[in-house]
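1. This is the structure alone, sequence omitted:
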């Protein structure tokens, strides 16, 4: 049976189709790739290139029948007996001079993660290895207690999660981050936490106790409100809605929370700045921050590979914006330039961010955490005081 469609009805149908396509995100229209074999379920990286400190991996046909690479790559966790746990830095770009990272690598698998190149130091790839070959430091709390007890130690806020996420999935069983928080609570030591993980809610009992003393702040990174885009950029991180729910739970428990709209991806997520900040403020965040997309070392190649697979129609615009902010390069590692870039576009993003924060009552600079409460608790074998 053939239905006859009048010219008027045909125009209505075409108009409805046009409206539907207009409402869709433009990058979605080009999501289909001619290289589907490169995708791995639940992983952001499409490749596993050799690290810069390793010898090139050369495929050799030895005559044996080889199986095809598995679609699903399991996560492997190795344990490292660390010799020290507090890392110090002198970067003028960072608001802290020391940090703790309980894990190397991150199962969240954010394709844009600036920490990916650190896996090369381990002889592993910043690609799929970074997401699947994780290193845990089970003696972190023990080392932390020892380092805080040192007579030469001078107290200042410690940041947790500055390199890889302290609340990635393996923390549920290993509880290394929780053990470190218990030590910091016992010493009344100030701490700032950065995470995408909803698992931080498990530690509300410790965090609320520390928050009552002005010792803690938590930053929740929300890159986009689009779950479709988030699932591809951050395949194993909680959904945007779940992260906003985490902000709400922490805030209701009296824990100060910062919404981190980082990284901002030009041509892909930059249109969401105001909506992200509004959602964070509505959930209870009292502060906000932003960083532009950074592509150090191997991250640039991985990011461009991801763009060619998931957003080929937006790739040229995204990379052109980034080069515009970095003097024609994909990344400028200089202090003062690497976090936000320079030029008219970067300036416009900054103005939009500040205007939205002012309108929503969000502050960019939080109240400093207290350092005057720091005290070393009595340890086994200590001389007891007479009075």
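-> Great, that's in hand. What you see is a predicted model, and the numbers here were worked out from it, not measured in a lab.
2. now the strands for this protein?
-> Under the criterion DSSP state E, strands of the chain are mapped to 76-79, 86-88, 98-100, 103-104, 133-136, 158-160, 191-195, 216-221, 257-260, 287-289.
3. and of these, who's closest to residue 303?
-> Distances from residue 303 to each of the strands of the chain were compared by CB to CB, and the smallest falls on strand 216-221, at 17.0 Å. Just so you know, the C-beta spots here come from the backbone N, C-alpha and C atoms, and that holds for glycine as well.
4. and that closest one, which strands flank it?
-> Strand partners for strand 216-221, identified by DSSP bridges, are recorded as strand 191-195 (parallel), strand 257-260 (parallel).
5. Next, format those strands as a markdown table and append mean neighbour count.
-> A markdown table is the format used below for these (neighbours: other CB atoms under 10 Å):
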| stretch | mean neighbour count |
| --- | --- |
| strand 191-195 | 23 |
| strand 257-260 | 25 |
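6. Turn those strands into CSV, columns for distance to residue 325 and mean pLDDT.
-> Listed next are those as CSV, based on distance: least, CB to CB, whole Å; pLDDT from 0 to 100:
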stretch, distance to residue 325, mean pLDDT
strand 191-195, 23, 97
strand 257-260, 19, 97
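7. Make CSV out of those and add distance to residue 143.
-> Putting these into CSV (distance: least, CB to CB, whole Å) gives the following:
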stretch, distance to residue 143
strand 191-195, 16
strand 257-260, 27
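8. Residue 362 is nearest to which of the ones you listed?
-> Within the strands paired with strand 216-221, the stretch nearest residue 362 is strand 257-260; the backing value is 7.5 Å (CB to CB).
9. List the contacts of that closest one.
-> Outside of strand 257-260, the residues within contact range by CB atoms under 8 Å, 6 or more residues apart in numbering are 194, 217-222, 247, 250-251, 276-277, 279-281, 283-291, 362, 366.
10. which residues touch the closest residue to residue 89 other than its chain neighbours?
-> The shortest distance from residue 89 to any residue that is not its chain neighbour, by CB to CB, 6 or more residues apart in numbering, is 6.0 Å, and that residue is residue 97. With CB under 8 Å, 6+ apart as the criterion, the residues that contact residue 97 are 88, 89, 90, 156.
11. Which two among the residues you listed are spaced furthest apart?
-> Spatially, the most separated pair among the contacts of residue 97 is 90 and 156, at 12.9 Å (CB to CB).
12. who has more neighbours, those two?
-> For the pair residue 90 and residue 156, the greater number of neighbours falls to residue 156 (14 against 7), based on other CB atoms under 10 Å.
13. tell me, how many neighbours does the residue nearest to residue 331 when sequence neighbours are not counted end up with?
-> Counting by CB to CB, 6+ apart, the nearest residue to residue 331 once its immediate chain neighbours are dropped is residue 295, at 4.5 Å. Using other CB under 10 Å, the number of residues around residue 295 comes to 21.
14. what's the distance between residue 295 and residue 225?
-> Remark: distance between residue 295 and residue 225 (CB to CB, to the nearest Å) = 23 Å.
15. now swap in residue 171 and tell me
-> Taken as CB to CB, the spacing of residue 171 relative to residue 225 amounts to 25 Å.
16. For those two, indicate the residue with more neighbours.
-> Here residue 171 and residue 225 are compared on neighbour count by other CB under 10 Å; more neighbours surround residue 171, at 23 against 18.
17. Could I get the contacting residues of that one?
-> Going by CB under 8 Å, 6+ apart, residue 171 touches 102, 103, 177, 178, 197, 199.
18. try residue 139
-> With contacts defined as CB under 8 Å, 6+ apart, the neighbours of residue 139 are 81, 82.
19. Understood, closing this out.
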